[in-house]
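# below: sequence and its predicted model.
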Amino acid sequence: MSDKDIKPLEHYLGNAIRDLRTEHGLTIAEVSLRAGISRGMLSKIENAQTATSLDTLEQVANALGVTLSHLFRNYGQPRDGAQLVKKGEGMEVVRRGTKRGHTYHLLAYDQGPRKHFEPFLITLQDAGEEFGAFEHPGTEFLYMLTGVLEYRVGNEIYVLEPGDSLTFRGEIPHRPDKLHGAPIRFLSIIHYDSPEEMLGE
């Protein structure tokens, strides 16, 4: 992989993990064993050669004796109170219940120990995919970008077209119901009512 192919976030995380590992005098074998992943995978993460799920990053963070937020603490450090994520540089996140063709990109990274909101760019490619229901704390806001999506919240189905938005309580079971004109792309922003709330999807 050439330098131009390495995304800033993967490069930053690889360096942060390697620095913590060497700071604690740990080998790749020791950390990978603690994290429950292969040595090859950990090596790829350290060298920014693979996209990594938040679940895997959390396992690595735990193996290093730090929190997940600790890994991100200096990434994109705002100089003027703003955080910029360039097109295509949002972290790809693998979520429980998602399948092939169902992609989340995290568009902002809370740098403190508590997160207040999470914005995702979601792409759905497979019109025939069946989705399980999601439930989580806080309030979720959807904004349609492309395609037409029938979205179920509780027992109601809402037809969302580009420019439409939908807001609902996260603890109400919700899921995409039917896709028209895939790929479907929309923004999903989850706001937590209290800093202690964590995403439980």
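Okay, I see it.
# show the pLDDT at the residue nearest to residue 170 when sequence neighbours are not counted.
Beyond its immediate neighbours in the sequence, the residue positioned closest to residue 170 (C-beta to C-beta, 6 or more residues apart in numbering) is residue 136, lying 4.3 Å away. Glycine gets a C-beta too; all of them are placed from N, C-alpha and C. The predicted structure scores residue 136 at 83 on the pLDDT scale.
# same check on residue 177?
In the predicted model, residue 177 carries a pLDDT score of 92.
# bridging residues for residue 185?
When bridges are called by DSSP bridges, residue 185 pairs up with residue 123, residue 146.
# ok, now which ones touch it?
Residues near residue 185 by C-beta atoms under 8 Å, 6 or more residues apart in numbering: 121-124, 145-147.
# still on that earlier bit, pretty sure the residue nearest to residue 170 is touching residue 168, no?
No. Counting by C-beta atoms under 8 Å, residue 136 does not reach residue 168; the two are 11.1 Å apart.
# got the domain ranges for this protein?
Taking automatic domain parsing as the reference, the chain has its domains at 3-71, 91-191.
# pLDDT weak spots in the protein?
For the chain, the stretches flagged by pLDDT under 70 are 1-7, 73-102, 106, 108-115, 194-201.
# quick one, helices of it?
Taking DSSP state H to define them, one finds helices in the chain at 8-23, 28-35, 39-46, 54-63, 68-71.
# any chance of a markdown table for those helices, columns mean neighbour count?
Putting those into a markdown table (neighbours: other C-beta atoms under 10 Å) gives the following:
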| stretch | mean neighbour count |
| --- | --- |
| helix 8-23 | 17 |
| helix 28-35 | 17 |
| helix 39-46 | 18 |
| helix 54-63 | 18 |
| helix 68-71 | 16 |
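# give the residue farthest from the middle of this structure.
Of all residues in the chain, residue 25 sits farthest from the chain's C-alpha centroid, using C-alpha atoms, centre = their mean; the distance is 29.7 Å.
# roughly how far does that one sit from residue 66?
According to C-beta to C-beta, to the nearest Å, residue 25 and residue 66 sit 15 Å apart.
# now residue 117
Spatial separation of residue 117 from residue 66 under the definition C-beta to C-beta is 23 Å.
# out of those two, which sits in the more crowded spot?
Each of residue 117 and residue 66 had its neighbours counted (other C-beta atoms under 10 Å), and the higher figure belongs to residue 66 (16 against 13).
# so who does the more buried one touch?
Contacts of residue 66 were listed using C-beta under 8 Å, 6+ apart, and they are residue 20.
# for stretch 180-188, which positions count as buried?
When neighbours are counted by 16 or more other C-beta atoms under 10 Å, the buried residues of stretch 180-188 are found to be 182, 184-186, 188.
# in JSON lines: these, plus distance to residue 12.
As requested, the buried residues of stretch 180-188 are arranged in JSON lines below (distance: C-beta to C-beta, whole Å):
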{"residue": "182", "distance to residue 12": "33"}
{"residue": "184", "distance to residue 12": "30"}
{"residue": "185", "distance to residue 12": "26"}
{"residue": "186", "distance to residue 12": "27"}
{"residue": "188", "distance to residue 12": "24"}
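# quick check: the farthest pair among these?
Between any two of these, the greatest separation by C-beta to C-beta is 16.9 Å, found for 182 and 188.
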